[in-house]
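Participant: got a sequence here, can you build the structure:
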Amino acid sequence: LVGFGLMVGAAFGRGKLGVDAKSAWDHPDEPWKWRPDWAEGHVLDGGRNDALGMVMFAVLWNLVALPAGWLGWEQGVKQGPGLAAIALLFPAVGVGLAIRAARGVIRVRRFGVSTLDLASVPVAVGRTLAGTIRTRLTTPPDGGFALTLSALRISRSGADNDRSTHVLWQEEARVAGQLSGGTDGVRVVAPVAIRIPAEAPSTDHSAADDEVVWRLEVQAAEPGVDYSATFELPIYRTADSDQPESAQDAPHLRAVGPIPPGGMTPRPEPRSAIEVTNEAGALVIDFPAARNPSMAFGMTVFALIWTGAIVFMTRVHAPLIFPMVFGLFDVLMAWIALTLWCEVTRLRVIPAGVRVASGLGAPGAERLYPAAQIKDVRVAIGMTANTTAYYDLKLVRPGGQEITIGGGIRHKREAEWLAARILTALGQTRRA
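Facilitator: Residues are numbered from 1 along each chain as shown. Sure thing, here's the model as predicted:
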């Protein structure tokens with residue numbers, strides 16, 4: 001039953017709309033014409049399907065977890081309070097799923113279905129995603145809209161059709177909302193203009209178990225339940241991908257403004273807990289412990305549930321191979337949780353090179369990377385949680401080897417700013 005719930009949730013989740021069979025037949029080489037909304041030049045928000053998928057999965061999970069938890073509690077009381085507590089883990093997860101589903105329903109009822117009007121269909125790789133988000137809001141959010149454009153590889157494997165999502169590329173932007181009149185009255189709209197690099201992947205649905213999709217996630221802080229919308233985009237490699245984009249093609253392009261005093265741009269918002277200081281002529285960057293508490297908490301909860309499952313296996317005398325295999329994964333997850341909570345890193349950058357010191361709770365011994373052996377400082381996607389990417393800083397050696405010197409940076413703009421600061425402290429400039 002739970003497996004069926006997973007399949008149902010996946011079918012309705014992420015707002016993927018159906019393909020028109022006749023359009024696919026008429027335009028076999030133009031997949032951006034297969035979906036009705038794409039063919040009309042816009043994209044519908046998938047929030048309603050997301051909410052329906054969450055509700056169905058939460059209901060099916062609780063239909064199994066609640067009675068199983070009650071039976072497990074009764075049996076656990078007879079064998080010891082520890083086993084009884086473990087039996088409540090799955091109903092507790094069910095409560096969390098129910099709360100999440102309820103918030104999704106409230107969000108849809110409050111904000112309705114948003115629309116993204118595209119400047120062109122398809123959006124060519126190497127060009128600019130340009131358009132306008134039309135919401136049902138009547139007042140612009142004070143903090144504006146946070147936009148996250150992601151290229152995702154979605155893989156499915158195994159008899160249970162297990163699904164995994166890997167972030168291939170991601171860009172962030174923040175825009176202000178503005179009022180606009182229409183047939184349904186005055187509503188809030190938000191402009192979209194995000195450059196897509198030429199090396200980015202194209203949308204690919206040719207293999208059902210290995211797809212590449214593009215998603216634009218939009219969020220804004222609102223009283224009670226925050227605004228959220230997700231759009232699956234028709235971004236493809238076309239003949240235009242090989243042509244340079246001109247200012248006429250991309251009217252969003254603006255001339256570069258004056259460089260701030262000192263030649264360094266201000267630190268982007270929102271700022272993380274990473275501290276940047278100058279000490280005795282050195283640039284010092286401190287990556288503190290627990291700088292991503294939500295991810296650390298999630299990994300800790302998952303590790304505890306996994307541990308509970310292992311304890312349950314031993315109590316019911318499951319074959320030894322099962323707790324042994326599960327135990328190996330449990331050790332790995334416990335280590336990841338420990339590093340998320342406790343690992344710290346300190347970078348000291350001077351013209352002579354970069355000194356790196358890491359450890360649990362406090363920095364350990366420093367290791368020097370001479371400036372002569374540093375070709376560049378690159379930003380790369382590190383760990384991910386679903387579609388949320390965290391960025392690493394990597395030193396690029398002359399031979400192309402890369403060394404990670406810091407990670408867990410939540411926002412790409414801040415990671416790029418830190419990389420630029422390191423290059424400046426080394427007396428270098430950003431490579432093209």
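Participant: rounded mean pLDDT for the helix or strand harbouring Leu52, please.
Facilitator: Leu52 is part of helix 47-79, with elements assigned from DSSP states H and E. Rounded to a whole number, the mean pLDDT of helix 47-79 is 78.
Participant: Ala151 reaches Trp214, doesn't it?
Facilitator: Yes: between Ala151 and Trp214 there is a contact under CB atoms under 8 Å: 5.5 Å. Every residue, glycine included, has its C-beta placed from N, CA and C.
Participant: who touches both of those two?
Facilitator: Each of Ile235 lies in contact with both Ala151 and Trp214 under the rule CB atoms under 8 Å, 6 or more residues apart in numbering.
Participant: tell me the contacts of Phe231?
Facilitator: Shown in contact with Phe231 (CB under 8 Å, 6+ apart): Gly15, Val43, Leu44, Asp45, Gly46, Leu116, Arg215, Leu216, Val218.
Participant: what's across from it in the sheet?
Facilitator: The bridge-partner assignment for Phe231, based on DSSP bridges, gives Leu216.
Participant: report pLDDT for it.
Facilitator: The predicted local distance difference test score for Phe231 is 97.
Participant: can you give me the first-to-last residue distance of stretch 201-215?
Facilitator: End-to-end distance of stretch 201-215 (CA to CA, to the nearest Å): 13 Å.
Participant: ramachandran coordinates for Val121?
Facilitator: Reported as degrees, to the nearest 10, the phi and psi values for Val121 are phi -130, psi 120.
Participant: check contacts around it.
Facilitator: Contact analysis of Val121 by CB under 8 Å, 6+ apart lists Trp32, Trp38, Ala39, Gly41, Pro234.
Participant: ok, now which ones touch the fourth one?
Facilitator: For Gly41, the contact set (CB under 8 Å, 6+ apart) comprises Asp117, Leu118, Val121.
Participant: pretty sure the first one sits in a strand.
Facilitator: Going back to what we said before, that points to Asp117. Yes: secondary structure of Asp117 (DSSP: H, G, I helix; E, B strand; the rest coil): part of a strand.
Participant: and Gly224, how many neighbours?
Facilitator: By the other CB atoms under 10 Å criterion, the neighbourhood of Gly224 contains 8 residues.
Participant: likewise the one 4 residues further on?
Facilitator: Using other CB under 10 Å, Ser228 has 20 other residues around it.
Participant: same thing with Asp209?
Facilitator: For Asp209, the tally of surrounding residues (other CB under 10 Å) stands at 11.
Participant: right, and it touches Asp162 too?
Facilitator: No: if you go by CB under 8 Å, Asp209 and Asp162 don't touch, sitting 10.3 Å apart.
Participant: now do the shared contacts for the two.
Facilitator: Common neighbours of Asp209 and Asp162 (criterion: CB under 8 Å, 6+ apart): Arg156.
Participant: picking up where we left off before, nearest to Gly181 among the contacts of Val121?
Facilitator: When the contacts of Val121 are compared for distance to Gly181 (CB to CB), Gly41 comes out closest, at 20.0 Å.
Participant: so how far is Ile106 from the closest one?
Facilitator: 30 Å (CB to CB, to the nearest Å).
Participant: ok, Ala296 next?
Facilitator: If you go by CB to CB, the gap between Ala296 and Ile106 works out to 28 Å.
Participant: looking at the two, which is more packed in?
Facilitator: Shown here are Ala296 and Ile106; by other CB under 10 Å, Ala296 has more neighbours (20 against 13).
Participant: not counting sequence-adjacent ones, nearest residue to the more buried one?
Facilitator: In space, not counting the residues next to it along the chain, Ala296 is nearest to Leu340; the distance is 3.7 Å by CB to CB, 6 or more residues apart in numbering.
Participant: hey, what's the most centrally placed residue in the chain bridged with?
Facilitator: Centroid-nearest residue in the chain: Thr388, 1.5 Å away (criterion: CA atoms, centre = their mean). Beta-bridge partners recorded for Thr388 (DSSP bridges): Ala385.
Participant: Ile350 touches Glu279, doesn't it?
Facilitator: No: the pair Ile350 / Glu279 is not scored as a contact, 10.3 Å apart, by CB under 8 Å.
Participant: pick out whichever of these two has more residues nearby.
Facilitator: Of the pair Ile350 and Glu279, Ile350 is the one with more neighbours under other CB under 10 Å, namely 16 against 8.
Participant: residue contacts, that one?
Facilitator: Ile350 makes contact with Gly281, Ala282, Leu283, Ala425, according to CB under 8 Å, 6+ apart.
Participant: tell me which of these fall in helices.
Facilitator: For the contacts of Ile350, membership in helices holds for Ala425, with DSSP state H as the criterion.
Participant: tell me the buried residues within the contacts of Ile350.
Facilitator: Among the contacts of Ile350, those classed as buried by 16 or more other CB atoms under 10 Å are Leu283, Ala425.
Participant: in strands, which of the contacts of Ile350 fall?
Facilitator: Residues from those lying in strands, with DSSP state E as the criterion: Ala282, Leu283.
Participant: okay, who's weakest in the contacts of Ile350 by pLDDT?
Facilitator: In this model, the minimum pLDDT among those belongs to Gly281 (89).
Participant: now that one: closest residue in space, sequence neighbours ignored.
Facilitator: Counting by CB to CB, 6+ apart, the residue nearest Gly281 is Ile350, at 6.7 Å.
Participant: how about His27?
Facilitator: Lys33 (4.3 Å).
Participant: count of neighbours near the one you found?
Facilitator: With other CB under 10 Å as criterion, Lys33 counts 18.
Participant: now do the contacts for it.
Facilitator: Applying CB under 8 Å, 6+ apart, one finds that Lys33 lies in contact with Ser23, Asp26, His27, Ala39.
Participant: over to Ala282?
Facilitator: Neighbouring residues of Ala282 by CB under 8 Å, 6+ apart: Arg348, Val349, Ile350, Ala425.
Participant: hmm, try it at 6 Å
Facilitator: Residues counted as contacts of Ala282 (CB atoms under 6 Å, 6 or more residues apart in numbering) are Arg348, Ile350.
Participant: thanks a lot, see you next time.
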